[in-house]
Every structure is written in C-alpha cells, then in structure tokens.
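K.L.:
here are the coordinates; sequence isn't available:
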C-alpha cells in the first residue's frame, strides 16, 4: 500500500485522558443532563492500538462522542490532553485540527455533499488549499480502490444509500487523508463480512504503521483484533474503565462473557 505524503520522521506523542466526567443533555431547553461517564482515565502513545470493550450502555460511544465535541454531551470534569493541548476547552473543529478523529458508530448522511467534496474540504481546512485538485482526486480514487470502495461512490452524497460496511470504509478513507494523530473508531467491524474485515484491518494496520497514528477501537467482539497488533485492552462498565490488560483480557471476555469477567474481578 502506497503512502500518502506521510513523513517518516514522526516523533512519539501522547493522548492523556484524566478523570473525565461526562453528562448527556436530555432536555436542551432546560439544560437538564444525566451523568454518563465518571473518572475515566487512559493514556496512549502514537503508533499504539488500544481496544475499548464493554456491554451496551457502558459508556464506550459516549466517550468518543464527548471527546469529538458532540453538542449532546458535556464534559463536566477532568481533561484530555493531546500533545500538550487541552482538547476540552476547544470547539469540535479545533479538536479535529489538533489531530483528533472520531469515527462514529452510525455516520450521518449529508445530502448534496459528495464523498470527494467532503474529503477535499476537510483536507483544505486542515492543511491548506490543494494545488492540483485533479491529482488529489486520483489519489483519493486509488485509496478508495484499496478499501474496496467503487470509484463511482466519490460522486455520491455522503453515506446516502450506503450499506453499513460501506459507511465504515468511507470513514477510514476520510481518516487516511485527514492524517489524525489519534483516532477513536466506533465499531468499525459492524456490517463487515470476513473478507472485508481482513481488508479493513490490514488497511488500518498499515495506516497506523505508516503515520504512527494512535488508535482506539471500540468493539463488542474480538474478531477484528486477530488481525491487528493490539497494545492494550480496556474494559468499560457503568461509565468507567474498570480494568485494562493485553489481548488475553479480550479473549477472556469473549470466552466467558462480560458479567463473568466482572464477577471474577469482583467489580
């Protein structure tokens, strides 16, 4: 797989989440909110792949959305520092420019905006005007082909009529060109068959190796993990990370179930 203007002289950086507390806004008119996350802490370096697992409602997606600056979530306490920059005080677009990328579990549809238009606009917002748009377009097409995305999809509206698996691949395509320092990827394996999982995981593996991007994969299952070099696995429950370990923790979860693992940990 060919690199996309990625420098090999990349220094290690860190993303440090410390004692993060997050609430969901349940009544916008009155600013009524409900606490979801409490005291979440995690630390990772660029080039590492971490996995976040947990039952439905444990707070995995909430963490990703809150860090992205989603307006339905409020960070009540704690901090998230990326390369000495405090993200909590920044707007959503400023967090993206600082190097954070979040791939949501259910990407939204954007009628009237083509896939290529979105990638081009986002790229220029972060890196400046593209000198040769035609060359850039061909580069996007080449990367799309590597992901199994038909080149005709470049002219379709964002996510409109795309299958779940196609939406996930498009998220990776955007990530490739935005070159984030750290990315949260929510259920990238959702909607993918076995062959697609192999392709996507290989693409992600090479992207991390080439760019030294740090990556947090949110998932319920271990099937994607078989193809990736995992540095750490974190188990989330009731809004907190309750334990962390290596891939043997994911194996134990898939073998015995979340409840059994929690019971053994006396949590």
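P.N.:
Noted; the coordinates are in hand. Bear in mind that the values here come from a model prediction, so they are computed numbers and not experimental data.

K.L.:
Packing partners of the strand or helix carrying residue 41?
P.N.:
Secondary-structure assignment from DSSP states H and E places residue 41 in strand 32-45. Of the remaining helices and strands, those touching strand 32-45 by 3 or more C-beta pairs under 8 Å, 6 or more residues apart in numbering; DSSP states H and E are strand 14-27, helix 60-68, strand 73-82, strand 214-218, strand 240-245. In this view, the C-beta of every residue, glycine as well, is placed from N, C-alpha and C.

K.L.:
Return the most buried member of the ones you listed.
P.N.:
Mean neighbour count, computed with mean count of other C-beta atoms under 10 Å, is highest for strand 214-218 among those, reaching a mean of 25.

K.L.:
Next, the angle from the helix or strand following it to strand 214-218.
P.N.:
In the C-terminal direction, the helix or strand that comes right after strand 214-218 (DSSP H and E) is strand 232-237. Here the directions of strand 232-237 and strand 214-218 differ by 40 degrees (axes from the mean of the first three to the mean of the last three C-alpha atoms, to 10 degrees).

K.L.:
the inter-axis angle of strand 232-237 versus helix 60-68?
P.N.:
Strand 232-237 and helix 60-68 are oriented at 110 degrees to each other (the same axes, to 10 degrees).

K.L.:
Just the element for the nearest residue to residue 149 once chain neighbours are set aside, please.
P.N.:
Leaving out its chain neighbours, the residue that sits closest to residue 149 by C-beta to C-beta, 6 or more residues apart in numbering is residue 169, at 5.4 Å. Assigned by DSSP H and E, residue 169 falls within helix 164-178.

K.L.:
mind listing what's buried in that helix?
P.N.:
Across helix 164-178, burial judged by 16 or more other C-beta atoms under 10 Å covers 165-178.

K.L.:
That one: how far from the chain's middle?
P.N.:
Per C-alpha atoms, centre = their mean, to the nearest Å, the displacement of helix 164-178 from the mean C-alpha position of its chain is 10 Å.

K.L.:
so the residue nearest to residue 149 sits right up against residue 150, yeah?
P.N.:
No. Counting by C-beta atoms under 8 Å, residue 169 does not reach residue 150; the two are 10.5 Å apart.

K.L.:
circling back to that earlier point, and the angle from the strand holding residue 41 to strand 240-245?
P.N.:
Between strand 32-45 and strand 240-245, the angle formed by their directions is 20 degrees, by the same axes, to 10 degrees.

K.L.:
Excluding its own residues, what touches strand 32-45? List them.
P.N.:
Applying C-beta atoms under 8 Å, 6 or more residues apart in numbering, the contact partners of strand 32-45 are 12-27, 50, 59, 62-63, 66, 73-74, 76, 78, 182, 214, 216, 231-232, 234, 239-241, 244.

K.L.:
cool, stretch 199-213 as well?
P.N.:
Stretch 199-213 is touched from outside by 1, 3, 6, 10, 12, 46-47, 49, 146-148, 168-169, 172, 175-176, 179-183, 185, 188-189, 192, 214-215, 224, 227-229, with contacts defined as C-beta under 8 Å, 6+ apart.
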